[in-house]
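Student: Just the structure for this:
(2 chains)
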Amino acid sequence: GESVGLHLPTLSVQEGDNSIINCAYSNSASDYFIWYKQESGKGPQFIIDIRSNMDKRQGQRVTVLLNKTVKHLSLQIAATQPGDSAVYFCAEVSGNTPLVFGKGTRLSVIA
Amino acid sequence: DAGITQSPRYKITETGRQVTLMCHQTWSHSYMFWYRQDLGHGLRLIYYSAAADITDKGEVPDGYVVSRSKTENFPLTLESATRSQTSVYFCASSAVGGLGGYTFGSGTRLTVV
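Tutor: Predicted structure coming up:
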């Protein structure tokens, strides 16, 4: 069936470095994508989204890139901080169907 | 307080017992969702609701029952709890379905012994 997944389950980065978290999706009909951040003991929190008619979107210290040709999504975090340590999920939407989440990548920031 | 709240925060129950997890949102969002989160599986959709009195099955609905008599409440009931239902349960709401994303509650950690 259709699925959303991640290339790397864990990622460790030095404080101040840039982080890149990747996600592959298989549903070519997906038209909207979201990245969520989940801190320990909390619910997922919306970070940034992107529609399928875009290939890049920037927020504060975060950038999402979408490559529809290879069905790949990435989240870039600039100047990673200890507070960025969390599990990051990508999610996709096709039309008005519920979000489908990937399995998540744990980001660990080394001070 | 405004937002989405889940209760209880933690629950331990015995196999075979019925247990209900509560979810309440104050935004009058049309859509509400129940996900379970297990290590290695990420977030999997159990049930969702597009409006009061409208519910649909998600990916893993077996063993669960939902109702939505009021827009703001979306309780999830485990009719006869099993150990495989030990998980963290998240409720979420959205004004317009997937677009714009969902807002999640803080979760209920359920342990079935």
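
Student: Can you list the buried residues in stretch A:47-66?
Tutor: Buried residues in stretch A:47-66, defined by neighbour count with 16 or more other C-beta atoms under 10 Å in any protein chain shown: A:47-50, A:52, A:62-66. C-beta: built from backbone N, CA, C; applies to glycine.

Student: Which ones among the residues you listed map onto strands?
Tutor: Cross-referencing those against strands under DSSP state E gives A:47-50, A:62-66.

Student: In JSON lines, list these along with distance to chain B and pLDDT.
Tutor: JSON lines is the format used below for those (distance: C-beta to the nearest C-beta, whole Å; pLDDT from 0 to 100):
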{"residue": "A:47", "distance to chain B": "9", "pLDDT": "95"}
{"residue": "A:48", "distance to chain B": "9", "pLDDT": "96"}
{"residue": "A:49", "distance to chain B": "6", "pLDDT": "95"}
{"residue": "A:50", "distance to chain B": "11", "pLDDT": "96"}
{"residue": "A:62", "distance to chain B": "14", "pLDDT": "98"}
{"residue": "A:63", "distance to chain B": "17", "pLDDT": "98"}
{"residue": "A:64", "distance to chain B": "13", "pLDDT": "98"}
{"residue": "A:65", "distance to chain B": "18", "pLDDT": "98"}
{"residue": "A:66", "distance to chain B": "16", "pLDDT": "97"}
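
Student: how distant is the longest strand anywhere in chain B from the center of its chain?
Tutor: In chain B, taking DSSP E as the definition, the longest strand is strand B:42-51. Centroid displacement of strand B:42-51 relative to its chain, using C-alpha atoms, centre = their mean, to the nearest Å, is 7 Å.
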